[in-house]
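Asks: take a look and give me a structure for this.
(one chain, ligands or ions: 1)
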Amino acid sequence: MAYDPENIFAKILRGEIPCDKVLETEHVLAFKDINPLAPTHVLVVPKGAYVSMDDFTANASDAEIAALFRATGDLARELGVAEDGYRILSNCGGNGHQEVPHLHVHLFGGRPLGRMLSRPAG
Ligand code: 5GP
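Replies: Presented below is the predicted three-dimensional model:
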């Protein structure tokens, strides 16, 4: 999938739309999800124009890739969810039910999060 520079996270990264920022580094911006599904629900976003995890690992630099994962783990500690446990999740593509076509990692915590996926009915 080609990168769409008009996606909502691209606009946040350009400062055209506000966000509730929790961390910013050279390669990463992290902000609170506008519709949180847990007491802690943060989106960790590379600043580069990548659609998905497979696009990211194919085209990003080692520094960008390290920065995304370092920021995610650092935030788990800094937001106070590391001790009780948390979940990271990245929805990619159609089957992944990705809504915003700019790579992002969800960081959830602050309550028991249940099973990883619901089982298909039937
Ligand atoms: P996904 O693409 O992983 O399915 O989900 C996109 C996520 O982005 C959703 O959890 C949604 O609530 C969040 N989101 C969509 N638009 C905005 C926005 O304008 N600001 C923020 N902070 N989060 C957003």
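Asks: only C-alpha atoms for contact and neighbour calcs from this point on.
Replies: Will do.
Asks: up against the ligand, what does this protein have?
Replies: Counting by Cα under 6 Å from any ligand atom, the residues of the chain close to the ligand are Ile8, Cys19, Lys32, Asp33, Ile34, Asn35, Asn91, His97, Gln98, Glu99, Val100.
Asks: in strands only, show me those residues.
Replies: Using DSSP state E, the subset of the residues of the chain next to the ligand located in strands is Lys32.
Asks: farthest pair in the residues of the chain next to the ligand?
Replies: Cys19 and His97 (22.4 Å; Cα to Cα).
Asks: for those two, indicate the residue with more neighbours.
Replies: Cys19 (16 against 10; other Cα atoms under 10 Å).
Asks: report the secondary structure state of the nearest residue to Leu37 once chain neighbours are set aside.
Replies: Of all residues not flanking Leu37 in the chain, Phe108 sits nearest, at 7.6 Å (Cα to Cα, 6 or more residues apart in numbering). Here Phe108 is recorded as strand under DSSP: H, G, I helix; E, B strand; the rest coil.
Asks: for Thr72, same thing?
Replies: helix.
Asks: for the chain, what are the low-confidence residue spans?
Replies: For the chain, not a single residue meets the criterion pLDDT under 70.
Asks: all helices for it, in order.
Replies: For the chain, the helices defined by DSSP state H occupy 8-13, 53-59, 62-78.
Asks: among those, which comes closest to Val42?
Replies: Between the helices of the chain, helix 62-78 lies closest to Val42; by Cα to Cα that is 8.8 Å.
Asks: does anything pack onto the closest one? Which helices or strands?
Replies: If contacts are counted by 3 or more Cα pairs under 8 Å, 6 or more residues apart in numbering; DSSP states H and E, helix 62-78 sits against strand 28-32, strand 40-46, strand 105-109.
Asks: would CSV of those with mean neighbour count be doable?
Replies: Output for those, formatted as CSV (neighbours: other Cα atoms under 10 Å):
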stretch, mean neighbour count
strand 28-32, 21
strand 40-46, 25
strand 105-109, 23
